[in-house]
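Novice: quick check, what structure comes out for this input:
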Amino acid sequence: MILIKSVSNAFSNKKLAKTFPALSVSLAAVMAMSVNGVAQAQEYKKITRLGTSQSVCEGGVETAAELQTFFANNPEKVRSILTDSGWSGDADALLAAVANGEMTEKAFPVGTKLAWMGSKKNGKYVALPYREWAGKQSFSGFELKLNDSCRVYELAIPKACCNVSLISVSEDTTSPECAPKPVAVAPVEVAPAIAEEPVAKVDPLALVPFFGAFVGTETRPRFETAWQMDMRDSSGLVGLKAGLLKPLSEKTSLSGVLSYYDRNGINGGNEYPENNFAIDFGVERKLSERAFIGGGIGAWNVDDSDFRDASVYGLVGGDIGKSKLQWFLEGRVFDSDSQNHDSLSDNKMVSAGIRYLIK
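Specialist: Numbers count the residues shown, from 1 in each chain. Purely as a prediction, here's the structure:
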């Protein structure tokens with residue numbers, strides 16, 4: 001109620017409301033929120049009886065004429081209630097509206113909520129905040145919609161007690177004098193649009209070339225002349241690769257790679273080339289914006305038919321910062337026709353490297 005009374009005081013200046021109707025409308029919105037919006041969040045006290053010792057008019061009224069007589073003979077009681085409620089309107093306007101018979105009879109249903117309700121308490125006429133009718137059936141009364149200072153007050157006056165009650169306050173949007181005055185706005189000069197240079201569109205599914213380098217180890221069965229048989233042998237690898245990525249979607253791409261590698265540390269007496277070429281075909285898929293996995297098949301030593309064999313590989317990698325460089329780790333197993341060294345542990349390669357995407 002303190003908030004409602006504070007806002008109401010801003011409306012008490014009738015000259016202000018008439019001189020600045022737009023300001024009055026704005027303040028009416030604040031008052032409407034105070035009464036309707038804030039009140040809805042409050043806990044309403046339920047009332048189940050009317051016409052008790054708290055009645056403003058003993059015995060009540062039955063007709064509009066009787067209500068007019070009561071208001072005419074007891075204006076101080078009505079004014080006292082309005083003052084205690086923080087009434088923002090004109091008490092004289094309310095008394096005049098009743099005297100002119102502007103109210104209509106109405107049955108107010110169970111559940112009707114009142115922002116405040118007039119009452120006689122300890123011999124004084126006051127306004128009790130947040131009341132809700134919770135009787136067994138609707139109560140008979142008078143409804144009055146009062147237009148005053150660009151606001152519309154909806155009031156209820158029960159026949160059983162004459163306890164003047166406020167249901168809601170809203171803006172008066174129909175009266176011409178309450179409409180906001182248009183504000184003159186100086187024309188704004190608009191600078192001519194600057195033609196933007198066309199930006200070449202990049203096809204997200206276009207081929208992406210790349211090249212890279214790698215180091216690793218290779219374990220293979222190699223024919224040793226001294227023993228006249230295949231022997232398990234490991235050697236180091238360094239190499240270069242170049243390839244193409246063909247995106248199929250935002251996350252999946254086909255890959256084709258040509259590699260050249262040089263071996264270091266082949267055991268003496270082994271018959272095996274020191275450098276060769278390989279071709280790989282596979283698929284890569286993004287795990288996230290910066291990481292990927294892949295795999296495929298390859299032909300190893302494609303330039304030497306005596307040592308050419310198939311392989312299967314898998315790799316994982318990711319972006320290096322925000323550059324076009326990527327790191328990768330690769331594992332590969334080879335098909336072997338060796339009779340005594342055909343296990344995966346005897347036919348494998350692991351490597352690590354970097355590659356640069358040209359896009």
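Novice: the strands in the stretch 51-200 of the chain, which residues?
Specialist: Applying DSSP state E, counting those that start in this stretch to the stretch 51-200 of the chain gives strands spanning 104-108, 113-121, 124-133, 139-148, 151-158, 165-171.
Novice: how far is the first one from where the chain is centred?
Specialist: This means strand 104-108. Taking C-alpha atoms, centre = their mean, to the nearest Å, one finds strand 104-108 lying 45 Å from the centre of the chain it belongs to.
Novice: buried sites along stretch 65-80?
Specialist: For stretch 65-80, burial by neighbour count (16 or more other C-beta atoms under 10 Å) applies to L67, Q68, F70, F71, P75, K77, V78, R79, S80. For glycine as for every other residue, the C-beta is placed from the backbone atoms N, C-alpha and C.
Novice: and the two most separated of these?
Specialist: Spatial extent of the buried residues of stretch 65-80 (C-beta to C-beta) is set by the pair Q68 and S80 at 18.9 Å.
Novice: quick one: buried residues of stretch 87-99?
Specialist: Burial within stretch 87-99, assessed by neighbour count using 16+ other C-beta under 10 Å, is assigned to W87, S88, G89, D90, L94, L95, A97, V98.
Novice: of all those, which two lie farthest apart?
Specialist: Using C-beta to C-beta, the pair of the buried residues of stretch 87-99 lying farthest apart is S88 and V98, separated by 18.2 Å.
Novice: check whether Q339 really touches M229, as I assumed.
Specialist: No: when contacts are counted by C-beta atoms under 8 Å, Q339 is not listed as touching M229 (9.0 Å).
Novice: of those two, who's got more company?
Specialist: The neighbour comparison of Q339 against M229 (other C-beta atoms under 10 Å) goes to M229, with 13 against 9.
Novice: wait, that one touches N340, no?
Specialist: Yes: M229 lies in contact with N340 (C-beta under 8 Å); the separation is 7.2 Å.
Novice: now do stretch 332-343: distance to the chain's middle.
Specialist: How far stretch 332-343 lies from its chain's middle: 58 Å, per C-alpha atoms, centre = their mean.
Novice: per-residue confidence averaged over it?
Specialist: On average, the pLDDT along stretch 332-343 is 85.
Novice: again, but for stretch 218-227
Specialist: For stretch 218-227, the mean per-residue pLDDT is 80.
Novice: residues of that stretch that come out buried?
Specialist: Neighbour-count burial for stretch 218-227 [16+ other C-beta under 10 Å]: E218, T219, R220, P221, R222, F223, E224.
Novice: need the phi and psi values for the last one.
Specialist: E224 adopts backbone torsions of phi -110, psi 120, taken as degrees, to the nearest 10.
Novice: cool, the fifth one as well?
Specialist: R222 has phi and psi values of phi -130, psi 140 when expressed as degrees, to the nearest 10.
Novice: where does the stretch 101-250 of the chain dip in pLDDT?
Specialist: Where the stretch 101-250 of the chain drops to pLDDT under 70, the residues are 184, 195-204.
Novice: how far does stretch 348-359 sit from its chain's centre?
Specialist: Put simply, stretch 348-359 sits 41 Å off its chain's centre (C-alpha atoms, centre = their mean).
Novice: what does that stretch rub up against?
Specialist: With contact meaning C-beta atoms under 8 Å, 6 or more residues apart in numbering, stretch 348-359 is reached by 208-219, 237, 239, 241, 245, 311, 317, 320, 324-334.
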